[in-house]
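In: output the structure for:
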Amino acid sequence: MRRILYIIIFVVAGCLSVKAQKNFDESLALEYFNRGEFDKAAETYRKLLDINPQSQYFYDQLFTSEVNIKDYKGLEKVLKKLQPKLKNRPTLSIDLGYIYGLEGDEKSAKKQFEEVVKTLPADDEKISELADHFKKRGRTDYALQSYFQGRKVLGSNLIFIPEIGQIYKDQKEYEKMIDEYVNWLDKDPGALTEIKSNLQESMLDNGPYEIFRKMMLRRAQANPDKVVYADLLSWMFLQRKDFNSAWIQAKSIDRRLKEGGRRIIDLAKIVSSYGDYTLAESMYQSVIDEGKEAAYYVPALKGLLDIRYLKITQSANYTPLDITALITAYEGFITAYPANRIEVGEVTLKLAEIEALYGGKVSEAIDLLEKFQNGAPSMQFIARAKLALGDYYLLNDNIWEASLRYSQVEKMFHEDPAGREAKFRNAKLAFYSGDFTWAQAQLDVLKGSTSELIANDALQMSLLIQDNTGWDTTGHQ
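Out: Okay, here's the model as predicted:
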């Protein structure tokens, strides 16, 4: 019995010793590798790989080390030794071909690469893995072949399009790149959003843009019933800020789909955000000219009012007459349409803002919003109205009413961005009123907000309290 116990102890001690040696060798090899002593690293990783030939990590470290010291023959031996053991790892054949290439034996390299492509499995993930490995080894020509052969093996021309497109882009083969995406669009119009995403960066480059513009114009003219071409053209012009051309396409689509001006309204908003108010006004007016029965007639009217609002709020180039005229126009709009329309809600909030901040009519703005809450289009509008009311009550030096409105929003929308904004405004109000302890308590909560903007604002104000009062985060001096 004692003899058996000794044997067990001896075996366990031996295993622990082997494991300790392996761990030591791993650390030593990594140290050599990090110091750039690749000859020593290669020697140690070769031993580790002999013990564990399945380890991808040991293999990758050895491969990099051997390439750095240009021991191609040594690495060739390692690869040929591993291949029979790891038949399920075809990337080894790519690596062997890569080594042949480094040795100048392109014929042998080609043989290895072509064998990998010829024997691709009917598995898109494995095909992608092999193509990626070709790219990793700088052989994008064979990565392309892998993708095209993969299409044959899998029986589909709608796979690997983004990958092929990216290779063509890197090679500046823009016509081939665009062909891939346009052919995809022909077969699957539902891929439009993904195609836009893949092409977006290229549209900023004059080379691919010109190719794409000519190709899409030809296709759109030859296939006037294919709205998807006009849509892609409109998007393309937007990337280049060619708003007039984008408008032509938007009008074309709008007529074909009988959208009532929706697409033009969306475009006008974008154009106006870039400050081209004259063109945006023309776009809104074109929808209005379709008549009151047009589906987007009212949003277009509001769009024109929005531009007048932006001209006042985004610059100092306005007169008291401009303010008076806009207030009158807002009041006419509110009177003309039901209070529960979203457009009326938006206009009411803006009317109050213009009255309070630009027209010197703070009390009128307060009265307007107090009444507005009763028939607001949604609870979100009520929250926005109460936040604005808090601000306007402050303008009238009514701190208690301001805090009350902020608190109402905070209670109604506790987990909503509006609630967090209300808490922050109440904290600011407490700070400026001298109640630093309460303000700091609110800010401590907001610093953990999921809204990065609110969290940052809370942090800045918290630091301001500490810097200017000597209070720490617990409210003590």
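In: so which residues of the stretch 51-200 of the chain form helices?
Out: For the stretch 51-200 of the chain, the helices defined by DSSP state H, counting those that start in this stretch cover 56-68, 72-82, 91-102, 106-118, 124-136, 140-154, 161-170, 174-187, 192-199.
In: could you dump those to TSV with distance to residue 370?
Out: The way it works is simple: take the backbone N, C-alpha and C, and place the C-beta from them, glycine included. Compiled in TSV, these are given as follows (distance: least, C-beta to C-beta, whole Å):
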stretch	distance to residue 370
helix 56-68	69
helix 72-82	80
helix 91-102	71
helix 106-118	74
helix 124-136	61
helix 140-154	65
helix 161-170	55
helix 174-187	53
helix 192-199	44
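In: which stretches of the stretch 301-450 of the chain form helices?
Out: Using DSSP H, counting those that start in this stretch, helices in the stretch 301-450 of the chain cover 320-336, 342-353, 362-372, 379-395, 399-412, 417-433, 436-446.
In: now do the spatially most central residue of the chain, the pLDDT please.
Out: The chain has residue 197 as the residue nearest its centroid, 10.0 Å off, counting by C-alpha atoms, centre = their mean. Note on residue 197: pLDDT of 90.
In: now residue 273
Out: For residue 273, pLDDT reads 94.
In: before we move on, back to that, quick one: which of the helices of the stretch 301-450 of the chain is nearest residue 302?
Out: Smallest distance to residue 302 across the helices of the stretch 301-450 of the chain (C-beta to C-beta): 4.5 Å, for helix 342-353.
In: ok, residue 251 - contacts?
Out: Residue 251 sits next to 264, 286 when contact means C-beta atoms under 8 Å, 6 or more residues apart in numbering.
In: average pLDDT for the stretch of helix or strand it belongs to?
Out: According to DSSP states H and E, residue 251 maps onto helix 243-257. Regarding helix 243-257, the rounded mean pLDDT is 92.
In: next: stretch 136-155.
Out: 96.
In: other residues contacting that stretch?
Out: For stretch 136-155, contacts defined as C-beta under 8 Å, 6+ apart pick out 94-95, 97-98, 101, 113, 116-118, 120-122, 124, 127, 130-132, 134-135, 157, 159-160, 163-164, 167, 170-171.
In: rerun that using 7 Å as the cut-off
Out: Here stretch 136-155 makes contact (C-beta atoms under 7 Å, 6 or more residues apart in numbering) with 94-95, 98, 113, 117, 120, 122, 124, 127, 130-131, 134-135, 157, 159-160, 163-164, 167.
In: list the buried residues of it.
Out: By 16 or more other C-beta atoms under 10 Å, the buried positions in stretch 136-155 come out as 137, 139-140, 142-147, 149-151, 153-154.
In: repeat that for stretch 180-191.
Out: 180, 181, 182, 184, 185, 191.
In: from the residues you listed, which is closest to residue 398?
Out: residue 191 (56.8 Å).
In: got a list of what the closest one touches?
Out: 184, 185.
In: pLDDT value on it, please?
Out: pLDDT, read off for residue 191, is 90.
In: do you know how far it is from residue 391?
Out: 46 Å (C-beta to C-beta, to the nearest Å).
In: what values do phi and psi take at the closest residue to residue 223 other than its chain neighbours?
Out: Among residues not flanking residue 223 along the chain, residue 229 sits closest, at 6.2 Å (C-beta to C-beta, 6 or more residues apart in numbering). Phi and psi for residue 229, reported as degrees, to the nearest 10, are phi -70, psi -40.
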